[in-house]
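**Student:** For reference, the sequence and a predicted model appear below.
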Amino acid sequence: MQREHKLRSYSLNSVCAHFLGEQKEEVHHSIITDLQNGNDETRRRLAIYCLKDAYLPQRLMDKLMCLINYMEMARVTGVPFNYLLSRGQQIKVISQLFRKAFEQDLVIPAVKVEGTDEQFEGATVIEPEKGFYNVPITTLDFSSLYPSIMIAHNLCYTTLLDNKEIENLNLKAEVDYITTPYNSARFVKPNLRKGLLPTILEDLLAARKKAKAELKKETDPFKKAVLDGRQLALKTSANSVYGFTGATAGKLPCIEISASVTAYGRQMIERTKQEVESRFCIANGYKHNAHVIYGDTDSVMIKFGVNNLIEAMELGREAAGYVTEKFLNPIKLEFEKVYFPYLLINKKRYAGLYWTNPNNWDKLDTKGIETVRRDNCLLVQNVVETCLRKILIDRDVSGAEEYAKKTISDLLQNKIDMSQLVITKALSKQDYSAKQPHSCLAERMHKRDPGSAPTLGDRVAYVIIKAAKNSPAYEKSEDPIYVLENNIPIDTNYYLENQLSKPLMRIFEPILGNKSNSLLSGDHTRVTKNTTPTVGGLMKFAVKTPTCLGCKTPLTGNDIPVCKHCKPKLGELFQKQLDVVNSLEIHFARLWTQCQRCQGSLHQDVLCSSRDCPIWYMRKKAQKDVADATGILERFNHAW
């Protein structure tokens, strides 16, 4: 899962909830013995927990076709099945090299490689013209860019030339060999010798094309799954060949090949921009001048100036065909999609509504935006996703702005549920070079209770609490449950400044410009110092200093929890607090029922302790709120 998918958490429960929409009841290890020594019912729950531990991974493998995909990958690359799980990409490429070299009676040298710091320039990124585009932005993509460059220009270990070989063989420039742009490496043309890598890549791409053609015709679900797994394996294998040549600490590095590939890639992106802008212009009979607003590795985003999707798509197909003719076979530029509207934030950061047909949009597509990064709290993901939906789907920029302001206001007033503020990080080593919030918290938790403290490999959940001014984050990290139980205030300014502000500014700056600073200042950010949470006008939590429960004025040490002015209204205050308790109990009961439904029974207590689940924190908080509010009610009752 960690290799193939980018998720917030990789616990079994979290992964199953994401892909299957179900999860198991999380039983903490400390109560397993009690369940086993209990009665038939507790042992039944323990048995279900153990069964689901085996059943859910099997369901995941079936759903994601892991076995089929790995079998096909093993067939394509010629490596044992277990290598796919325990080793990386290089073994797949070297296996294919050996297979093809054997056919041609070639010997691959055993090279002793030591890692070097040698660098080469990567792919071109055309400088983005940041902004919010409320017109269709056509996107053209090169199909299998790096493999097709290696095939077209015959880039391989077996075709690379040096000065001595050129002299001995009496080779002529541009007739017998090519010189690559920027780095001036020289490779023999395919009419003299066809390279080993281009041959491998041709076979992979041809096999993928065949698998995709068969996939379209196939109707049997199992055969379709196999063919889809095969074409994905072939695609992955072809794309990994370039990386293999550029791995300086790899099995057979060759910087001349990898640098030449990226050099041709840069040249092609720049030429695509020139060809599109010179061809699609008013001077050639088109309505508007086409303009490339961004280019990244293997794709270009073009603003044709038209306002409807159909025209944008037609121009995209025409441009793809026109540019493809300018390059060597098999390099092919394809029309893939239109973004409308499109938010261009920066290099490798953008979002847009993704259209492949003019009738319905396919999805909200994002790249490089904080929606799944696990070092951000859930609040960041929810706010960013909601703002993007309002901007791109609802076309309501002012609505997104108001929503962001309201969220900031709620955050600063402690109205955001703590489950949205939890940050998790893996405890990956015993000693960190610098103090980290999660590692320092793990040490403190171990001192408090060694039995329940997180151990090496666990994910540590924490929130940032208020502390002395300028205190580092590692001193302010605390266990969320400990914070709830001890009524410790959250450092809301930390969450605004270090979690929420930068992602929000990245979204709104291209749209609002300098006005985007108003999100982080203004009336919605001005809050009073006393932001104690209240329900119905009465305090939910007990306070250390004796104050009147009605008007909150300080008391002079008497046992009655109200002042002399509020004492005549004691009955009214008691009823008001009773309403508070009732509303909190209803809220807790709803969360409890939700957890019971998740565990599969409405007639058993909830044992789950999954810290990946926001409902768990909400339920714990609701339980604490009920207990605190009930305590206040009892004080009223005693005084009455």
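**Tutor:** Yep, that arrived.
**Student:** what's next to stretch 416-426, contact-wise?
**Tutor:** 8-9, 374-379, 382, 407, 410, 436-438, 457-464, 480, 483-484, 490, 492, 495, 611-612, 614-618, 621 (C-beta atoms under 8 Å, 6 or more residues apart in numbering). For the C-beta atoms, the positions are set from N, CA and C on the backbone; glycine is no exception.
**Student:** what pLDDT, on average, does that stretch get?
**Tutor:** The predicted model gives stretch 416-426 an average pLDDT of 87.
**Student:** hang on, the earlier thing: derive a ChimeraX selection command for the buried subset of the contacts of stretch 416-426.
**Tutor:** The following ChimeraX line selects those of these that are buried, judged by 16 or more other C-beta atoms under 10 Å:
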select :8,9,374,376,377,378,379,407,436,437,438,458,459,460,461,462,463,464,480,483,484,490,492,495,611,612,614,615,616,617,618,621
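**Student:** What about the contacts of stretch 416-426, which are in helices?
**Tutor:** Among the contacts of stretch 416-426, the residues falling in helices (DSSP state H) are 378-379, 382, 407, 410, 437-438, 480, 483-484, 492, 614-618, 621.
**Student:** how about stretch 353-367 as PDB, C-alpha atoms only?
**Tutor:** Presented in PDB, the C-alpha positions along stretch 353-367 are these (Å, rounded to 0.1, in the frame of the first residue of the first chain):
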ATOM      1  CA  LEU A 353     -12.300  20.400 -13.300                       C
ATOM      2  CA  TYR A 354     -11.300  17.500 -15.600                       C
ATOM      3  CA  TRP A 355     -13.300  17.100 -18.800                       C
ATOM      4  CA  THR A 356     -12.800  14.300 -21.500                       C
ATOM      5  CA  ASN A 357     -16.200  14.900 -23.100                       C
ATOM      6  CA  PRO A 358     -18.200  18.100 -23.300                       C
ATOM      7  CA  ASN A 359     -21.300  16.800 -21.600                       C
ATOM      8  CA  ASN A 360     -20.100  15.800 -18.100                       C
ATOM      9  CA  TRP A 361     -16.900  16.500 -16.100                       C
ATOM     10  CA  ASP A 362     -15.000  13.500 -14.900                       C
ATOM     11  CA  LYS A 363     -13.400  14.600 -11.600                       C
ATOM     12  CA  LEU A 364     -11.900  17.400  -9.600                       C
ATOM     13  CA  ASP A 365      -8.200  16.900 -10.400                       C
ATOM     14  CA  THR A 366      -5.400  18.300  -8.200                       C
ATOM     15  CA  LYS A 367      -1.700  18.100  -8.100                       C
END
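**Student:** what number of residues lie near the closest residue to Asn329 other than its chain neighbours?
**Tutor:** By the measure of C-beta to C-beta, 6 or more residues apart in numbering, the closest residue to Asn329 outside its immediate chain neighbours is Ala152, 6.7 Å from it. Residues lying near Ala152 (other C-beta atoms under 10 Å) number 16.
**Student:** Next: Ile310.
**Tutor:** 13.
**Student:** Next up, the contacts around it.
**Tutor:** The contact partners of Ile310, taken as C-beta under 8 Å, 6+ apart, are Pro358.
**Student:** ok, 10 Å please
**Tutor:** Counting by C-beta atoms under 10 Å, 6 or more residues apart in numbering, Ile310 touches 136, 338, 357-359.
**Student:** Narrow these to those in strands?
**Tutor:** Using DSSP state E, the subset of the contacts of Ile310 located in strands is Val338.
**Student:** Of the contacts of Ile310, select the buried ones using a PyMOL command.
**Tutor:** In PyMOL syntax, the buried subset of the contacts of Ile310 is picked out as below (16+ other C-beta under 10 Å):
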select buried, resi 136+338+358
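**Student:** Switch the contacts of Ile310 over to a markdown table; also include distance to Ser14 and pLDDT.
**Tutor:** A markdown table is the format used below for the contacts of Ile310 (distance: C-beta to C-beta, whole Å; pLDDT from 0 to 100):
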| residue | distance to Ser14 | pLDDT |
| --- | --- | --- |
| Pro136 | 37 | 95 |
| Val338 | 34 | 95 |
| Asn357 | 34 | 91 |
| Pro358 | 38 | 90 |
| Asn359 | 36 | 90 |
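**Student:** Now distance to Leu84 too, for the contacts of Ile310, in a markdown table please.
**Tutor:** Shown next, in a markdown table, are the contacts of Ile310 (distance: C-beta to C-beta, whole Å):
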| residue | distance to Leu84 |
| --- | --- |
| Pro136 | 41 |
| Val338 | 37 |
| Asn357 | 36 |
| Pro358 | 41 |
| Asn359 | 40 |
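**Student:** and of the contacts of Ile310, the nearest to Phe81?
**Tutor:** Asn357 (39.4 Å; C-beta to C-beta).
**Student:** Which parts of the stretch 51-200 of the chain are helices?
**Tutor:** In the stretch 51-200 of the chain, the segments counted as helices under DSSP state H, counting those that start in this stretch are 66-77, 81-86, 90-103, 145-152, 163-169, 196-217.
**Student:** of all these, which lies closest to Glu127?
**Tutor:** Taking C-beta to C-beta, helix 145-152 is the member of the helices of the stretch 51-200 of the chain nearest to Glu127, at 19.8 Å.
**Student:** how far does that closest one sit from the chain's center?
**Tutor:** 29 Å (C-alpha atoms, centre = their mean, to the nearest Å).
**Student:** Kindly export it (C-alpha atoms) in CSV.
**Tutor:** Output in CSV follows, covering the C-alpha atoms of helix 145-152 (Å, rounded to 0.1, in the frame of the first residue of the first chain):
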residue,chain,number,x,y,z
LEU,A,145,7.5,10.3,-23.5
TYR,A,146,10.8,8.9,-22.2
PRO,A,147,10.4,5.4,-23.8
SER,A,148,9.5,6.9,-27.1
ILE,A,149,12.5,9.3,-27.0
MET,A,150,14.8,6.4,-26.4
ILE,A,151,13.3,4.5,-29.3
ALA,A,152,13.2,7.4,-31.7
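**Student:** Give me the below-cutoff pLDDT ranges for this structure.
**Tutor:** Counting by pLDDT under 70, the ranges of the chain that qualify are 113-124, 370-374, 527-546, 549-550, 555-560, 639-640.
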